[in-house]
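1. next come a sequence and a model predicted from it.
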Amino acid sequence: MNYGGWYDKCAIPVVKEALMRAYEEKMFFGGRGWNMHKKNGIIYVNIPEKNAFPDFSGSEQAVELETSRLLGYHDYWGITLI
């Protein structure tokens, strides 16, 4: 997997929770977090473009709900190397 982008420090715990939720529930959403996760006035959204384990890509972002201020994003992509 490759990814690039940035996150504001206040968004990182919400992003981590979204990732852990997907891993704990054994769901694959482009290799990143759950489709949507809200906490503490922040919403995390993951939009896979390709969602197959051998070839995946998409984007994710965190937004402050009250102001709609972008708190960060990642574009991601990857393939299976076997």
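-> Everything's here; your move.
2. what about stretch 11-25, average pLDDT?
-> For stretch 11-25, the mean pLDDT works out to 94.
3. just the helices in the chain please.
-> Ranges of helices in the chain, per DSSP state H, are 12-24.
4. most distant residue from the centre of the chain?
-> Ranked by distance from the centre of the chain (Cα atoms, centre = their mean), the top residue is residue 82, with 24.7 Å.
5. name the nearest residue to residue 75, ignoring sequence neighbours.
-> Excluding the flanking residues, the one nearest residue 75 by Cβ to Cβ, 6 or more residues apart in numbering is residue 59, at 4.9 Å. Backbone N, C-alpha and C define where each C-beta goes, glycine included.
6. cool, and residue 65?
-> Distance criterion Cβ to Cβ, 6+ apart; nearest residue to residue 65, sequence neighbours excluded, is residue 41 at 5.1 Å.
7. pLDDT at the one you found, what is it?
-> Residue 41 is assigned a pLDDT of 98 by the prediction.
8. where's it relative to residue 70, distance?
-> Between residue 41 and residue 70 the distance is 14 Å, computed by Cβ to Cβ, to the nearest Å.
9. lovely, talk soon.
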